[in-house]
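Participant: got a structure for you, letters missing:
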């Protein structure tokens, strides 16, 4: 899969991955990439809906603490209690909008492309947590025999999609 993603990215250098058109934002992905995103979005949906406490560790970057000091632990717990359902609902709505648009090949409205941005970022954050990605992460430095090389390439692909979406939203295109 890493090779497929890499080749698709190389072919795409000539066209914008996310482009603003008169009809809305068009996501130019190959069929395999759309299927991959659909599977990943479905997995993210399941993670967001699970009550399995082990999933909390993988989702921690999606629900960061609002209060960071040890003295504020109670305030942070209250914030999480009040906001988590709203954050989950927002992410689920974005996933639904994006999944429908990608499967039907429809352009996304500005609100829809922001949902795409949010969904891709959520996938990237969860994968980054699994890979323990730090700010100095370099996908090119991951050895080909690393057991997680495919996941690192996927992380790089999601980063690429995220950047292309931000560029399209800002009117710069890519």
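Facilitator: Thanks, I have it. Note that this is a predicted model, so its numbers are computed, not measured. Numbers count the residues shown, from 1 in each chain.
Participant: Please enumerate the strands of this structure.
Facilitator: Ranges of strands in the chain, per DSSP state E, are 18-21, 24-27.
Participant: what's the last one in contact with?
Facilitator: When you say that, I think you mean strand 24-27. 17-19, 101-102, 106-110, 112-113, 116, 168-169 (C-beta atoms under 8 Å, 6 or more residues apart in numbering). No exception for glycine: its C-beta is placed from N, CA and C like everyone else's.
Participant: nearest to residue 80, of those residues?
Facilitator: residue 116 (25.9 Å; C-beta to C-beta).
Participant: residue contacts, the closest residue to that closest one other than its chain neighbours?
Facilitator: Distance criterion C-beta to C-beta, 6 or more residues apart in numbering; nearest residue to residue 116, sequence neighbours excluded, is residue 98 at 4.8 Å. Residue 98 sits next to 37, 41, 108, 112, 115-116, 119 when contact means C-beta under 8 Å, 6+ apart.
Participant: List the buried residues for the longest helix anywhere in the chain?
Facilitator: As assigned by DSSP state H, the longest helix anywhere in the chain is helix 73-104. The neighbour-count check on helix 73-104 (16 or more other C-beta atoms under 10 Å) flags 88, 91, 94-95, 97-99, 101-102 as buried.
Participant: Can you check what pLDDT the model gives the residue nearest to the spatial centre of the chain?
Facilitator: Most central in the chain under C-alpha atoms, centre = their mean is residue 120, positioned 2.0 Å from the mean C-alpha point. Model confidence at residue 120, expressed as pLDDT, equals 96.
Participant: cool, and residue 10?
Facilitator: Looking at residue 10, the pLDDT reads 47.
Participant: Then residue 126?
Facilitator: At residue 126, pLDDT is 95.
Participant: dump the residue contacts of the residue nearest to it when sequence neighbours are not counted.
Facilitator: Using C-beta to C-beta, 6+ apart and skipping the chain neighbours, the partner closest in space to residue 126 is residue 58 (5.7 Å). Shown in contact with residue 58 (C-beta under 8 Å, 6+ apart): 47, 126, 129-130.
Participant: I'd like the residues you listed as CSV, with neighbour count appended.
Facilitator: Formatted as CSV, the contacts of residue 58 follow (neighbours: other C-beta atoms under 10 Å):
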residue, neighbour count
47, 17
126, 22
129, 15
130, 13
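Participant: Closest to residue 75 out of those?
Facilitator: For the contacts of residue 58, with residue 75 as the reference and C-beta to C-beta as the criterion, the closest is residue 129, at 23.8 Å.
Participant: so how far is residue 154 from that closest one?
Facilitator: 13 Å (C-beta to C-beta, to the nearest Å).
Participant: pLDDT weak spots in the chain?
Facilitator: 1-14, 137-140, 173-174 (pLDDT under 70).
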